[in-house]
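Asker: Please find the sequence and the predicted model below.
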Amino acid sequence: MDTPSPTVPQDRDDGRNHPPHDTVDLPAQLPSALAQATGQSGVSSPPKAGNRIGDTLFLAASRGSGILLLCIMAAIAIFLGWQASKSIGSNHGNFFTTFEWNADATPPVFGIAVLLFGTVVSSVIAMAVAVPVAMGIALFISHYAPRRLAQPIAYLVDLLAAVPSIVYGLWGALFLVPHMNGLTSWMNDYLGWTYVFGQSDSVAGSAPRNLFTVGVLLAIMILPIITAVSREVFRQVPRMHEEAALALGATRWEMIRTAVLPFGRPGVISASMLGLGRALGETMAVATVLSPSDKLNLHIMDPGGGTFAQNIAAKFGEAFDNGRSALIASGLMLFVITLLVNAGARMIIARRKEFSGANA
Amino acid sequence: MAKRIDVSGLSAYYGSFKGIEDISMTIEPRSVTAFIGPSGCGKSTFLRTLNRMHEVIPGARVEGKVMLDDENLYGAGVDPVAVRRTVGMVFQRPNPFPTMSIYDNVVAGLRLAGVRKKSLLDAVVEKSLKGANLWNEVKDRLNKPGAGLSGGQQQRLCIARAIAVEPQVLLMDEPCSALDPISTLAVEDLIGELKSQFTIVIVTHNMQQAARVSDRTAFFNLAGVGQPGRLVEIDDTQRIFSNPSVQATEDYISGRFG
Ligand SMILES: Nc1ncnc2c1ncn2[C@@H]1O[C@H](COP(=O)(O)OP(=O)(O)O)[C@@H](O)[C@H]1O
Ligand SMILES: [Mg+2]
C-alpha cells in the first residue's frame, strides 16, 4: 500500500550540550588502516576513489530497486485492469449502482454499491473509534505514564500490533458478537433518532452481525498500529519545544496541545493511514463477524451488508471465469479507493508543510 | 511591572545528585543581573529554579526559598504554572514553535491565558515585536512560519513571545550563544532597552557581554566534578570586573581574558 511515511524530525536535541564529534580521539593507526582498506598507500591522499565506487554502487542499487518497484506496480495494475475489463463488458447491471453480485449467472448482473457502502462505513467507524483512542494511549505512554508503567504498556501495544487478523476475527465472532447487544440496544434507544444508529424493529435482539460490529472490531484491530506509530511520533517532539510551552505558563495538557499535537500531526495522519489501509483491506476479521447480504441498509446496526475484501474471500473459491474477473474488478476498485485516500492524506500533510517543523 | 527576587538557602537536585547548593542572593528590579562561571557550575539550574522550570525534569526537586517581592514561589499552594506566567524565560537555542506562524508564536502565551480578542492580539503582536526590535523585519510576513527566520531573528521572536505576556521577570539562558556577532549585538541592545520594564537575569559565557549589558554580576563556581555548584560572590559588575573581593573570581575573569 502506498503510505506516506511518518515524518520523523531529525532534531532530537534537548537543548543541552552534547560533545561535538571531532573531540573523539581516533586510534593512531586508523589513517593507515583506512588507506589499506581502500587500496591506497600513503596517509596524505584522501580515499576518494573508494567512496566514488561506493556511491555509484549505491546509486545503481537504489535507482534499480525504485524502477523495479514501479514496474511491479504497473504490472499489477495492468493485470488487474485487463482481467477486470473482461467481466465489466459482460455486465448487464450497472457496476456502480447494482446491489446484487451474480457474476456467474446468465446474464451476469453485479455491482459494487453494497460493497462500497459497507467498506466505507466500517472503515469510517473504525477510524472514528480508533484514532482518538490511539492518540490518547500514545500520549499517555509518551507524556503521562511514569516510565515504569510506560514501557510495559508500549511493549504490549507493539505485541498487539503483530497479532494476525484471523485471531481478531475469531475473538470478534466468539466474544464481541455475543456481547455487542447491550451497546447496540443502548445506542438504538438514545441515538435511534439519527436513523443511522437506529435498528429496524424486526431485528432487535438478533445477533449483531452488522457493519457497526465490524467497524468496532476493525477499530480494535487497527488500534495498536496507530498507537505504536503515534507514540513514536510524540516521543520525537523536541524537548525544547515542550519547555518553550511550559515556560509560557502552559499546563501539561496545554503543552501537549501547543507543542506536541501540532508537531505530531503529519505523523499521526500517516499512522492513521496505516490503520485505514488495514481496515479497508481486512478480510478474515470481517468475514467471520458479518452475515453478508446484498442489501444496502442505512441502519448500520441491522445485520447484512458486505465489504470488498470479505466479498472476494467469500465468492472467489466457487467463482467461474467471469465471476473471478468480476471479483478482480471489485479488487481494483478497492485499490483505487486506497490510492485516493492516501493521495488525500498526502495533500493534507503537504498543505502545511512549511509549518511542519521539518526546517526547525 | 518589575519585581525584586530574594533567594535564600536554595539547593537543587537531579534525583540524588545535588546540582547547586545553598544559594542566597537578591536581584534588584529593573536591572540586569548576569550569571557567569565555568560550565557545569549550575547557572542554568539556578536560573530554572527561579521560574519553577527545574522541576519539570523527572526526579528534580528544589529546597529553599525564592521570594518574588513578598510571595514565596515555593510556598505551599503556589501553582508553578502561574509562576511561569509571571517569570518569563528565553532559552539558549532559539525555540519558536515550528508549527506556528510568527504571529501565533508571539501570542502563544496570551492564547494559553485565554485571550481571544483579535484586536487585542493584534496590538500585542505589534507592541511585542517592536519591543523585541523585530517588527520592521517581519511586519510583512506575520503569517509565515517562525522557524523560517534567521537564528538571531528567531531568538528575538522568542523574546517577543516571552514579553508578550508582560512578565515581572525575564530569565535568559545564554540567549546569544547560538547567534552570530551582529545578532548578538541586536539582542544585547534589546536587553538594555528591556531593563527599564523588567527584572532581567542573563546567563552568559561571554565576559565582555556580562560587562556590557549587566548592572550586577554573580560568579558561580564548583569545587570539583560531581560537587554542587555554589555562588561565589555577587556584586556590581564594575567591581566584579575591576576589583572582585574573592580571588577565585579574579582568576576566572583574568584567565578568560588571557
Ligand atoms: N537534566 C539533567 N539531569 C541530570 N543532571 C543535570 C541535568 N542538567 C544539568 N545537570 C547537571 O547539573 C550540573 C549543573 O548543570 P548546569 O546548570 O547546566 O550548568 P551550567 O549551566 O552552569 O553550565 C552539572 O553537573 C550537570 O551535569
Ligand atoms: Mg547552562
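Answerer: Nice, thanks for sending it over. Ligands and ions are numbered 1, 2, ... in the order given.
Asker: Spit out the contact partners of A:Arg209.
Answerer: A:Val177, A:Val289, A:Leu290, A:Ser291, A:Pro303 (Cβ atoms under 8 Å, 6 or more residues apart in numbering or on different chains). For glycine as for every other residue, the C-beta is placed from the backbone atoms N, C-alpha and C.
Asker: can I get those residues in JSON lines with secondary structure and pLDDT?
Answerer: Putting the contacts of A:Arg209 into JSON lines (DSSP: H, G, I helix; E, B strand; the rest coil; pLDDT from 0 to 100) gives the following:
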{"residue": "A:Val177", "secondary structure": "helix", "pLDDT": "92"}
{"residue": "A:Val289", "secondary structure": "helix", "pLDDT": "92"}
{"residue": "A:Leu290", "secondary structure": "coil", "pLDDT": "92"}
{"residue": "A:Ser291", "secondary structure": "coil", "pLDDT": "89"}
{"residue": "A:Pro303", "secondary structure": "strand", "pLDDT": "88"}
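Asker: doesn't A:Lys295 fall inside a strand?
Answerer: No. Assigned with DSSP: H, G, I helix; E, B strand; the rest coil, A:Lys295 falls outside any strand and is coil.
Asker: Give me the phi and psi angles of it.
Answerer: Per-residue torsions, A:Lys295: phi -100, psi 140 (degrees, to the nearest 10).
Asker: For the closest residue in space to it that isn't next to it in sequence, give its distance to B:Glu166.
Answerer: Distances taken as Cβ to Cβ, 6 or more residues apart in numbering or on different chains place A:Gly304 nearest to A:Lys295, at 5.0 Å, with adjacent residues excluded. Noted for A:Gly304: a distance of 63 Å to B:Glu166, by Cβ to Cβ, to the nearest Å.
Asker: With B:Gly64 instead?
Answerer: B:Gly64 is 27 Å from B:Glu166, by Cβ to Cβ.
Asker: likewise B:Pro175?
Answerer: B:Pro175 sits 19 Å away from B:Glu166, going by Cβ to Cβ.
Asker: These two - which one has more neighbours?
Answerer: Taking neighbours as other Cβ atoms under 10 Å in any protein chain shown, B:Pro175 and B:Glu166 compare with B:Pro175 leading, 27 against 17.
Asker: in the sheet, who's paired with the closest residue in space to that one that isn't next to it in sequence?
Answerer: With Cβ to Cβ, 6+ apart as the criterion, B:Pro175 has its nearest non-adjacent residue at 5.0 Å, and that residue is B:Val90. Counting by DSSP bridges, B:Val90 is bridged to B:Met172.
Asker: since we're on B:Val90, how many residues are nearby?
Answerer: 26.
Asker: I figured it was touching B:Glu174, is that so?
Answerer: No. Counting by Cβ atoms under 8 Å, B:Val90 sits too far from B:Glu174 to count as a contact (9.5 Å).
Asker: Ligand 1 versus the residue nearest to B:Pro175, what's the distance?
Answerer: Using Cβ to the nearest ligand atom, to the nearest Å, B:Val90 is found at 14 Å from ligand 1.
Asker: what residue ranges in chain A are flagged as low confidence?
Answerer: Within chain A, the stretches with pLDDT under 70 are A:1-50, A:357-360.
Asker: what's the longest helix in it?
Answerer: The single longest helix within chain A, with elements called by DSSP state H, is helix A:48-90.
Asker: next SSE after that one?
Answerer: strand A:101-102 (DSSP states H and E).
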